[in-house]
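> Quick one, fold the following:
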Amino acid sequence: MKRLILVALISSFVACRSHGQVPTASSVLSSGAAIPATSQNTSAEPRPPVIPVGNGNLPAAVLEAALTATANPPSAGHYSYALKLLVTETTGKSAAIVQAIVVKTPNGDTDMGCVPLGIRVAAGTTVDLIQRSGYCAPGTVGYFPGLKLSAAITYFDDAGGSTTLTAFTTLD
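The predicted structure follows:
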């Protein structure tokens, strides 16, 4: 059953992504796939998906993030932004493994792409998480000039510690 849900979600995501749309739970449900009930986050900050917290220690790896969003030209009345999410591991001592990215638009819509991502950021290096995520990258649909977009990044380090970092950008 879990495999069927995963296949339905991926198929829906790929199909919608090719048309510039991000799937919603209702669009996946209309495809006939069963999805467990979830609660909607109405707080100002995005909530990352629940992921095991390793050994409960704070991570030895520390990420800093820079989020940018550039408005794409409108296509058939649809508006979106091209995202860039650069993360740098700053301690130089431990790698970070990014498990989830949750993008939240100013109107409260969220997209988390594929979870878990499993993107490794080696100690002391910088990675563009959106580019590295490929078709699993979260995105945004809509036009929100002057408002803030956020991306919450949940990651583990090599020792099993975990944390979530949130980056913000003002939309043009």
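> what's around the closest residue to Pro74 other than its chain neighbours, how many residues?
In this structure, Pro74 finds its nearest non-sequential neighbour in Tyr143, 7.8 Å apart by Cβ to Cβ, 6 or more residues apart in numbering. The way it works is simple: take the backbone N, C-alpha and C, and place the C-beta from them, glycine included. As a burial measure, Tyr143 scores 16 neighbours (other Cβ atoms under 10 Å).
> Begin at 339, not 1, for the rest of this chat.
Understood, numbering begins at 339; the last thing we discussed is Tyr481.
> so what's Pro444 up against?
With contact set as Cβ atoms under 8 Å, 6 or more residues apart in numbering, Pro444 has these partners: 482, 485-487, 509.
> mind putting those residues in TSV, neighbour count included?
TSV is the format used below for the contacts of Pro444 (neighbours: other Cβ atoms under 10 Å):
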residue	neighbour count
Phe482	18
Leu485	12
Lys486	15
Leu487	22
Leu509	19
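> quick one: which of those is nearest to Thr502?
Set against Thr502, the nearest of those by Cβ to Cβ is Leu487 (16.6 Å).
> Could you look up the SS state of Thr502?
Classification of Thr502 using DSSP: H, G, I helix; E, B strand; the rest coil returns strand.
> Correction: the previous question concerned Gln469.
Under the three-state scheme (three-state DSSP), Gln469 adopts helix.
> Enumerate every residue touching it.
422, 475.
> Around the residue lying closest to Val465 once chain neighbours are set aside, how many other residues sit close by?
Of all residues not flanking Val465 in the chain, Val459 sits nearest, at 4.8 Å (Cβ to Cβ, 6+ apart). Using other Cβ under 10 Å, the number of residues around Val459 comes to 23.
> can you pull up the bridge partners for Val459?
Beta-bridge pairing for Val459 (DSSP bridges): Ala434.
> is it true that Pro442 touches Leu485?
Pro isn't right for residue 442; it's Lys. No. In this structure, Lys442 is not within contact of Leu485 by Cβ atoms under 8 Å, at 11.1 Å.
> Could you report the separation of Leu485 from Pro476?
Distance, Leu485 to Pro476, by Cβ to Cβ, to the nearest Å: 17 Å.
> Got the domain ranges for this structure?
339-375, 395-510 (automatic domain parsing).
> Out of those, which one sits most buried?
Most buried of the domains of the chain by mean neighbour count (mean count of other Cβ atoms under 10 Å) is domain 395-510; its value is a mean of 18.
> residue ranges for the strands of this structure, please.
Secondary structure of the chain (DSSP state E): strands at 401-409, 419-427, 434-442, 448-449, 457-459, 464-466, 486-495, 500-508.
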